[in-house]
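S.K.: Need a 3D model of the following:
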Amino acid sequence: MKTCISLVCVFSMINKCLALDFLCNFEDHDCGLINTNADAKWVRKYDNIGERRGFFLVVDAVESNNNVATVKTPYFSSNEVARGCLSVDYYINGVGAYELRIDGEDFYRFNIKSVSESYIYWRSAQIDIDLSFQDIKFYFIAKTNNIGRGTIAIDNIGFKRRACSVP
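M.R.: This next block holds a predicted model:
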């Protein structure tokens, strides 16, 4: 059984408002995201990461002990549209932070984006999604290794039922 989320949120980060169907900034809760691995977990925590202070979902490479942490969103209804846009802020830093992968799932699971470069600041991604008129959910997968310390974090997950280029 699919659980669909259809929320209307307005978010302003750089004095520019974007109308989103879903937005999670983790300030008040985890927005219904669910950890799917027992060995390594994404943790909602208040921290100062990459010169940003607030609540984020975080995977610490040492605490995850060379495992993969996966969190998934609920299903989002396509509302019979063909295109969607996923936006997310992400942070990857340290030799122990190996990769952040984002997958989508409608009938099948597929890779949307993989990032393995380490940065000292947050990065943002806006990714056009082919909905093919199907409901969709997303997976955020943090891969760590046992080389040393590292952090992978996500914030400001947004989803809208139109292409990223359409306001």
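S.K.: from here on, contacts and neighbour counts on C-alpha atoms
M.R.: Noted.
S.K.: Could I get the phi/psi values of V62?
M.R.: Note on V62: backbone dihedrals following degrees, to the nearest 10 are phi -70, psi -50.
S.K.: got the contact list for the closest residue in space to it that isn't next to it in sequence?
M.R.: Once flanking residues are discounted, V62 sits nearest to R149: 5.8 Å by CA to CA, 6 or more residues apart in numbering. R149 sits next to D60, A61, V62, G94, V95, G96, A97 when contact means CA atoms under 8 Å, 6 or more residues apart in numbering.
S.K.: Assign R149 to helix, strand or coil.
M.R.: coil (DSSP: H, G, I helix; E, B strand; the rest coil).
S.K.: What pLDDT is listed against it?
M.R.: Here, the pLDDT recorded for R149 equals 93.
S.K.: Could you measure from it over to G104?
M.R.: 28 Å (CA to CA, to the nearest Å).
S.K.: go on, G84?
M.R.: 12 Å.
S.K.: Distance of the residue nearest to V62 relative to N66?
M.R.: For R149 relative to N66 (CA to CA), the value is 11 Å.
S.K.: all helices for the protein, in order.
M.R.: 61-64 (DSSP state H).
S.K.: Next, the most far-flung residue of it relative to its centre: phi, psi?
M.R.: Most distant residue from the mean C-alpha position of the chain: I147, 24.4 Å away (CA atoms, centre = their mean). Per-residue torsions, I147: phi -80, psi -30 (degrees, to the nearest 10).
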